[in-house]
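Asks: Fold the following and give me the result.
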Amino acid sequence: MKNKKSLIAVIVVAALVAASVVGVIIWKSQPKGMVVAVSTLPDSLNPVLEQNTSALNADELIFDGLTNFEVDEVSGVLYTELALAESIEQNQKDKKTYTVTLRDVNWHDDTPVIADDVVYSFNAYTLEENNSPKRDYLLSFISSVKAIDDKTVEIVFKNPMPEFRAYPVLTFKIIPSTYQGQEMDVNMRNGELERKFATAPIGTGPFKLESWEIGKWLTFKGNGLYFKTVPQADSLVIKRVIDPIVRMNELRKGRINVILETNPMDRAAVSKIPKVDINSYMPYAFYDVAINTELFPKAEGRQAMAMALNKAQLVPGITDRNNGVILNYGPFPSNMFQVNISEYVNEPLPDVLPFDIKQAKALAKKGNISGQNAILIYPDSMGDFGKQMAEGIASQLAEIGLNVEVKRTGDQVFKRMVYKEKSYELALMYHEGFDNVYSTIGNMYRTNGEENITGISDKTLNTLLDKWEKEVETEKWVDLTLKLNQRVCELSPYLYLCSLQKDVYSRGLSNVLIATDNPFLSVEEWKFKE
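Replies: This next block holds a predicted model:
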């Protein structure tokens, strides 16, 4: 019996030792480099397919387009310049045919970039089976992409296109047609090779993907042969830190160098932290409240809610500022024309449903929402700002007899209720990831659209969206935008609130210049302070 107990003891000790050894093998310390904290890691690194915001940002590290967006370090203005294209020449007769000569650039695996890669990329973006978010946008402009020889590509636009408008279209990321010695299928949703590319891609960009620790971080190594400015830092880490309080504490301790997701309420406190720099810009993004139209089926009731909101007074100290806030009256930020085409239109989009409490009360009765109850949810990630915004909305809606209870939920629960189950009543939303003219916004409103969380369905709206997305003449596009704005406001599937200046915090780094939603446009210049 004694020998048996001794044997058991030896086995237990041996098991514990083995477990500790395995633990040492499995556990990995965080890689060194510039650390960028995010709440959600990329879901894919294939720029052709649908991606979350973190992945869209990471694409900028790995890939280039024929042209790239850049940020002017003096003015902070966004502009386009040649990237994989060494030259782009317009046919002066038809004004719509462009000849692109490629640079002598290699992929991260040292194979050369050739014209077939450009043709393959365009075909992959536009293949219906891939359901690429960029498909409709590219097809609305480009008629064909053809390889003339290994270093020459002919791109034909559907209509005459001046260079200043053609260059932004050509910023779509180019991917290799051949990967690990094999040709990839244009259908990137099928096949083991194509799936592998999404998690271990090669590109031409300033950084190469080095490792991907699921649920923890992605590490990138500087591309010392980058054809533009060689990265000043050897490595970069995108690290998952879900809790915003933890992110702030890690920034204070110098363990995190950049925080991308910030709360408007934190700026005053952050400005007091030593050695922290704040980059501020107006993002292509906005706040609104999604309305479940199955539970609020009458447009008059939804219009009543819209006209009951005095948006400037929702969050005192934030929404009532003279700078850093744009109050929105419809589906687009109200200053969209002024920012993008001031030479054509230099005034805000019209306020179709202005604040009018008397009219709102009348519509509330007609829409059967007076005296009703509703729950407004907002996600944890919005923090105290989300709480104040939601409570401000609830307080103002009470003026028309709609009793709103505010509830904070975990981010995953929020996403499930809003996007999957559609079991919410009202939901405070933050929409981001758009381009400068919000060309993908139709996904929120088209019947059966991927981002249609409100359940809105309207044939007139569908037709307007089809025309608007394909229009390339500025004056006609402006007219369609105004009609689209009018129709969406009539249907009122959302309560439109505001666009807010966004802050990005950095510590221990120099040359961090962020002036747009994509934080990595200037990443080659980032370096550790001495």
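
Asks: Going by C-alpha atoms from here, please, whenever you check contacts or count neighbours.
Replies: OK.

Asks: Residue 182: neighbour count?
Replies: 9 (other C-alpha atoms under 10 Å).

Asks: For the closest residue to residue 398 other than its chain neighbours, list the residues it contacts.
Replies: Leaving aside its sequence neighbours, residue 398 sits nearest to residue 404 (C-alpha to C-alpha, 6 or more residues apart in numbering; 7.0 Å). With contact taken as C-alpha atoms under 8 Å, 6 or more residues apart in numbering, residue 404 is in contact with 373-376, 394-395, 397-398.

Asks: Let's have these in TSV, adding pLDDT.
Replies: Output for these, formatted as TSV (pLDDT from 0 to 100):
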residue	pLDDT
373	97
374	97
375	98
376	98
394	98
395	98
397	98
398	98
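
Asks: out of those, who has the most neighbours?
Replies: residue 397 (24 neighbours).

Asks: wait, isn't that residue in contact with residue 305?
Replies: Yes - between residue 397 and residue 305 a contact is recorded at 6.4 Å, counting by C-alpha atoms under 8 Å.

Asks: Wait, residue 39 touches residue 243, no?
Replies: Yes - with contact defined as C-alpha under 8 Å, residue 39 reaches residue 243; the gap is 7.3 Å.

Asks: for the stretch 101-250 of the chain, what spans make up the helices?
Replies: Remark: helices assigned in the stretch 101-250 of the chain by DSSP state H, counting those that start in this stretch are 115-126, 135-141, 163-169, 192-199, 244-252.

Asks: which residues in the stretch 401-530 of the chain form helices?
Replies: 411-415, 459-470, 474-491.

Asks: helices or strands up against the longest one?
Replies: For helix 474-491, the packing partners by 3 or more C-alpha pairs under 8 Å, 6 or more residues apart in numbering; DSSP states H and E come out as helix 299-307, helix 459-470.

Asks: closest one to residue 530 among the helices of the stretch 401-530 of the chain?
Replies: helix 411-415 (38.3 Å; C-alpha to C-alpha).

Asks: Tell me the backbone dihedrals of residue 308, please.
Replies: Note on residue 308: its backbone torsions stand at phi -90, psi -10 [degrees, to the nearest 10].

Asks: ok, now which ones touch it?
Replies: 355-357, 360-361, 396-397, 399-400.

Asks: Return the distance of it relative to residue 294.
Replies: According to C-alpha to C-alpha, to the nearest Å, residue 308 stands 21 Å off from residue 294.

Asks: Also residue 84?
Replies: 49 Å.

Asks: Also residue 276?
Replies: Residue 276 is 47 Å from residue 294, where distance means C-alpha to C-alpha.

Asks: Compare these two and say which is more crowded by neighbours.
Replies: residue 276 (19 against 13).

Asks: Can you give me the distance of the closest residue in space to that one that isn't next to it in sequence to residue 266?
Replies: Counting by C-alpha to C-alpha, 6+ apart, the nearest residue to residue 276 once its immediate chain neighbours are dropped is residue 507, at 4.7 Å. According to C-alpha to C-alpha, residue 507 and residue 266 sit 16 Å apart.

Asks: who's more crowded, the two?
Replies: residue 507 (25 against 14).

Asks: wait, which of the contacts of residue 404 is closest to residue 137?
Replies: Distances from residue 137 to the contacts of residue 404, taken by C-alpha to C-alpha, are shortest for residue 376, at 33.9 Å.

Asks: before we move on, what SS does that closest one have?
Replies: strand (DSSP: H, G, I helix; E, B strand; the rest coil).

Asks: which ones are touching it?
Replies: 390, 394, 404-407, 424-428.
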